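Trainee: dropping the sequence and predicted coords here.
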Amino acid sequence: QVQLVESGGGLVQAGGSLRLSCAPSGPIFGSYAMGWFRQAPGKERDFVAAIGWSGTTHYADSVKGRFTISRYDAKNTVYLQMNSLKPEDTAVYYCAAKPLRDSSESKDYPYWGQGTQVTVAS
């Protein structure tokens, strides 16, 4: 059974930084792509960033230059470093996993975490 556990969310002032972590468990990680998505109240779940099993990365235009996704295979952990945060970044952030290549489509990811709240105050 694959489980994903996010951590690192919280309340931060605009312009501040947060780092989210996602620790998968079970028979996963080395050959899996990891993605981060977010969902604000009343809105759909949106793609934020993804990293493929080979290390290739993709970002939503809204976060390019501010967010960085990385993975540390030795610790089975994926990170999302979020800098220059804006109030519009406020959402529940979800970690997701899928085999091999990354994707910006949430429907492509079979495994999901429970989410962690990020709130950016203006």
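Mentor: That came through, no problem. Numbering: from 1, shown residues only.
Trainee: could you list the low-pLDDT ranges of the chain?
Mentor: Along the chain, the model assigns pLDDT under 70 to residues 27, 29-30.
Trainee: all strands for it, in order.
Mentor: Secondary structure of the chain, counting by DSSP state E: strands at 3-7, 10-13, 18-25, 32-39, 45-51, 57-59, 67-72, 77-82, 91-99, 111-112, 116-121.
Trainee: and stretch 101-115, what's buried?
Mentor: Applying a neighbour-count criterion of 16 or more other Cβ atoms under 10 Å, the buried positions in stretch 101-115 are 102-103, 106, 109, 111-113, 115. C-beta coordinates here come from the backbone N, C-alpha and C atoms, glycine included.
Trainee: residue furthest from the geometric center of this structure?
Mentor: When each C-alpha in the chain is compared with the mean C-alpha position (Cα atoms, centre = their mean), Ser122 comes out farthest, at 22.4 Å.
Trainee: that one and Gly8, how far apart?
Mentor: To Gly8, Ser122 is 21 Å away according to Cβ to Cβ, to the nearest Å.
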